[in-house]
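> Structural data only, the sequence is not supplied:
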């Protein structure tokens, strides 16, 4: 992985422009996306459920090209 990754291009070139779902997925897979999140459900100060999510979404060609 490069030390200084290239910044992602803007999703929309003009403010009024619409973006198709296919174009959005193409841009996300080309650069890769990291999703992270946590949810805790508590009752009376006692944690009942704790969920953690960490996911890397990228195309195989993007991952191979960066190694």
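Thanks, I have the structure now. This structure is a prediction, so every number in the text was calculated from the model and none was measured. Numbers count the residues shown, from 1 in each chain.
> Now do the SS call for residue 56.
Under the three-state scheme (DSSP: H, G, I helix; E, B strand; the rest coil), residue 56 adopts strand.
> how much space between it and residue 48?
29 Å (CB to CB, to the nearest Å). For every residue, glycine as well, the C-beta is placed using N, CA and C.
> how about the helices in this structure?
Counting by DSSP state H, the chain has helices at residues 21-31, 60-65.
> Pick the most buried one from these.
Mean neighbour count (mean count of other CB atoms under 10 Å) peaks for helix 21-31 among the helices of the chain, with a mean of 12.
> would you list the helices of the chain in JSON lines and tack on distance to residue 43?
Output for the helices of the chain, formatted as JSON lines (distance: least, CB to CB, whole Å):
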{"stretch": "helix 21-31", "distance to residue 43": "37"}
{"stretch": "helix 60-65", "distance to residue 43": "41"}
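> Nice, that's everything, thank you.
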